[in-house]
Structures are given as structure tokens and as C-alpha cells.
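S.K.: Okay, predicted coordinates and the sequence, questions at the end:
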Amino acid sequence: MCRCIFLSVLMFLLIGGCNGGKSSLTDAELERQTITQKIELVEAAGGLVMMVGGETLSSDEIIDSRTQLNEMFISPTEYYRPIAQANELEQFKERARGQIEEILMDKISIMLLYQQAKRQAGGNVEEGLEKAAQNEYRKFVLNFGGDQAKADEALRQKQMDQKSFMEQQKKSILIEWYRASKMPVNRPVTYRELVDCYDRMKDEYFTRVARITFRLIDIQPAKLQVTDPNQDRQHLAEQRVRELLARIESGEDFGELAKQYSHGDWRTFGGLWRPVQPESLAEPYDILAVVAEKMRVGQVAGPIMAEGHVFILKLEEKQSAGYEPFEKVQELVEEKIMFDRRKEVLDKLNDRIKKEAKLSRTDEFVDFCLEKIYRISNAGDGISGGASRDRAITTK
């Protein structure tokens, strides 16, 4: 969805929807800017609603909205029903208040952001937003193989239809554009900034473990076939290894020899082991880590003696423990710096929005929502529908 919004924002800008807006703000300008909107609690038919800059926020939009609660995507009414049924009203309020307050603040913040975005974009944005939202709806239908009936059914399950889906997309697109317009001018990233950021990141992101990759011819004396039971199998194994070393030195392929002569598990792969950390090698293969530490990539070593084995080792790759070099990850570090710059601006914007939202009289509305959830949860099937539920709660 984020990618879809991003593409839609680009489309929106390309069709000229917001040519009149500023492209960026300095930190000082951002701090001075206000987003003052009238936020008040008013009585409506059957209950209380919040008015945010002329837009209505009902209690149903709080208690029936599907949100993430304790790793579940569920409405507060569904989530808190067992708690409401198991507690007295005041105990229930105490347990659920924080989450309802958070949901309310998020809703008000989004409404304030959208209203500010509309003001900044000016009056000539509707056509561009409509085209971008239609494009998002087409993409949504394509997720169902182009079957519009299935797509609309999926929307109905989310208590939405095509119109409400497109309205939601318009708001998301305009809010993303507004946030993007607050980004600072991309001043160059200095070398000092890059190095400092790399030093802060390297322990978490750029640590590399020691690792070796090798081919192995594993001659196991016990598996050698002998014609004379008195022959020394260990001696035969060492003799076999010396012969193979001579053939490798003369230019024969190590992998092909491993396929023919090795007794190891990886012989069908030419004796090639997957990359391993040296300390993870168990007996009798741990001796290979000791030998590999002294070898150069491409070098062959043998015979290497271990209990029940005589090895020939070819080192394919070796990586020492440490950090990815700065030059290799410089682009990632620069991306992190730019991300942090953008995040700082957005955090300031979001903090200011939330502070303004908290200036409103929300305690009474939160109480109203909590009482509503409590009554619904304990009323059985006697009450249904948003309007009926509102009438079931007495206005304070």
C-alpha cells in the first residue's frame, strides 16, 4: 500500500494538482507554522460527537474502527467485550481508557493533517485527487484478478464501498503529499556526517562474522576396500591422499577428484561445503578451521590427519571477523542520514498536531465511548446499529 500511495502522489504531482504549494520548509518555518482548527465536543442526536474543523467524528468511528490491538486487527468493541463483561464500569474504564484515548488522538491528528493539506494545496486539487484515487481502486480490483464483484465484496467486509475507499485514498494521498512538502531541502551530506553515522551503525548493521568456504576430499580408512585383511588401512589412506595431491598439483580438477574418491557427505557436490563459521565446525572437522586460518584462498593443504579421516582441503573463500568496510556500505549510510532527516521533520509535525489535538476537550468524549462499549458488551443482542447504540448512552 505504501508503494501505491507513493506512486499516486507522483501521479498527483505530475498532473499539476499542487503546483501552488511550497516544496519545503526550514526547521524554523516548521516550528512557526500553526495548524489551528476549532475542536469541540457537541451534543448530537442520541449522544456526543467531536467536531474537528467542521468535520464530525462520531463515537462509532472510534469504537467500531478496526485497529491493531495487542497484535490483533480488531475493533475496540470486539477486543474489550470480555473485559467489559468481567469488570465493573469504573474498573473497565481504567483498563481501557489509554487505548481509546490513543485511537481518538490518532483520528483527530489525521483529520487535522488532512485539513491543513487541503488548505496548502489550494482549490484546484480535486480533479487530480479523483484520478489518483481511481487509479488506486483499479489496482485494488487487479488484486482480485480484475473481478470487481470480488473486490467490492472484500470492501464490504471492511465496512466500505467503492466511494468510501476512494475517499480514504484521496485523504491518504493528500496527507502524504503534505508531509512530503515539509521535507527540508536536500542539503549535501558531508563526509564527516557519513563517517560518524557509519560508526554509530556498524555494530548493529555492518558486523560480519568469520566465515570459510572450502572443498574437501575426505578419505576415511574404514571405508577403503582391501584385498589383504592384514593391510594397514591408515597407511593406504595416507598413500591415497599423497597420490591425489600429486594429481591436483599436476592440474586435475579438485572437485572431480572429490566426486570419485571422497567418502564425505558433500562428495556429490565436488566436496564443496556451504560457508561455515570456523567455530561451528565439530570434531573431527574442527581441525580444518585451524588449517584454514593459515591458508590463502585457492591454496590446497594435505594430508590433514584426524581421528578416522585423512583430509585434503582447498580453501575457496575466507572472511575474517570485523565490519563491512565503509566504502562498501557508504550508500546505505547516506540513505540512513536522509531517512533520519525526514523522520525528524515528520516527528516535529506529528508532535505539533498531537499537541493541538490534546488541547481539545476529549475526556468527556472518551468517557462516552467507554460507557458505550461497556453497555454494548453487557446488553446481549438487545442493541444493534450505531444510532441505537448512541441512544443507549445518556449524554453527560
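M.R.: Thanks, I have the structure now.
S.K.: Contacts only, for residue 350.
M.R.: residue 109 (Cβ atoms under 8 Å, 6 or more residues apart in numbering). C-betas here are computed from N, CA, C, even on glycine.
S.K.: Mind pulling up the pLDDT for residue 243?
M.R.: Here, the pLDDT recorded for residue 243 equals 95.
S.K.: Distance-wise, check it relative to residue 217.
M.R.: 11 Å (Cβ to Cβ, to the nearest Å).
S.K.: Ok, residue 59 next?
M.R.: Distance from residue 59 to residue 217, by Cβ to Cβ: 75 Å.
S.K.: Looking at these two, which one has more neighbours?
M.R.: residue 217 (30 against 27; other Cβ atoms under 10 Å).
S.K.: Contacts only, for that one.
M.R.: When contacts are counted by Cβ under 8 Å, 6+ apart, residue 217 touches 241, 244, 254, 257-258, 261-262, 264, 271, 302, 311-312.
S.K.: same deal with residue 75?
M.R.: Residue 75 makes contact with 63-67, according to Cβ under 8 Å, 6+ apart.
S.K.: again, only this time at 6 Å
M.R.: Neighbour list for residue 75: 64, 66 [criterion: Cβ atoms under 6 Å, 6 or more residues apart in numbering].
S.K.: circling back: just the buried ones out of the contacts of residue 217, please.
M.R.: 241, 244, 254, 257-258, 261-262, 264, 271, 302, 311-312 (16 or more other Cβ atoms under 10 Å).
S.K.: Nearest to residue 94 among these?
M.R.: Taking Cβ to Cβ as the measure, residue 264 is the one of the buried ones among the contacts of residue 217 closest to residue 94, at 65.6 Å.
S.K.: which residues does the closest residue to that closest one other than its chain neighbours form a beta bridge with?
M.R.: Leaving aside its sequence neighbours, residue 264 sits nearest to residue 218 (Cβ to Cβ, 6 or more residues apart in numbering; 3.3 Å). Residues in a beta bridge with residue 218, per DSSP bridges, are residue 311.
S.K.: mind showing which ranges of the protein have poor pLDDT?
M.R.: Scanning the chain for pLDDT under 70 picks out the ranges 1-37, 68-71, 123, 184-186, 354, 356-361, 380-396.
S.K.: check contacts around residue 374.
M.R.: 84, 89, 92 are the contacts of residue 374 under Cβ under 6 Å, 6+ apart.
S.K.: can you rerun that using 10 Å?
M.R.: 80-81, 83-85, 87-90, 92-93, 96, 393 (Cβ atoms under 10 Å, 6 or more residues apart in numbering).
S.K.: Of those, select the buried ones using a PyMOL command.
M.R.: Per 16+ other Cβ under 10 Å, the buried members of these correspond to this PyMOL selection:
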select buried, resi 80+81+84+87+92+93+96+393
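S.K.: so of the contacts of residue 374, which ones are in helices?
M.R.: Mapping the contacts of residue 374 onto helices (DSSP state H) picks out 80-81, 83-85, 89-90, 92-93, 96.
S.K.: what's the most distant pair in the residues you listed?
M.R.: Distance extremes for the ones in helices among the contacts of residue 374: the farthest pair is 81 and 90 at 17.5 Å, using Cβ to Cβ.
S.K.: which phi and psi does residue 334 have?
M.R.: Residue 334 adopts backbone torsions of phi -60, psi -40, taken as degrees, to the nearest 10.
S.K.: count of neighbours near the closest residue to it other than its chain neighbours?
M.R.: Counting by Cβ to Cβ, 6+ apart, residue 334 lies nearest to residue 189, which is 5.3 Å off, once chain neighbours are set aside. Neighbouring residues of residue 189 were enumerated by other Cβ under 10 Å; the total is 16.
S.K.: go on, the one 10 residues further on?
M.R.: In terms of burial, residue 199 registers 12 neighbours under the definition other Cβ under 10 Å.
S.K.: And the strands in the stretch 201-350 of the chain?
M.R.: For the stretch 201-350 of the chain, applying DSSP state E, counting those that start in this stretch gives strands covering 207-208, 211-219, 300-306, 309-319, 322-323.
S.K.: could I get the ones you listed as a markdown table with distance to residue 125?
M.R.: Below are the strands of the stretch 201-350 of the chain laid out as a markdown table (distance: least, Cβ to Cβ, whole Å):
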| stretch | distance to residue 125 |
| --- | --- |
| strand 207-208 | 47 |
| strand 211-219 | 54 |
| strand 300-306 | 70 |
| strand 309-319 | 54 |
| strand 322-323 | 48 |
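S.K.: Good, wrapping up.
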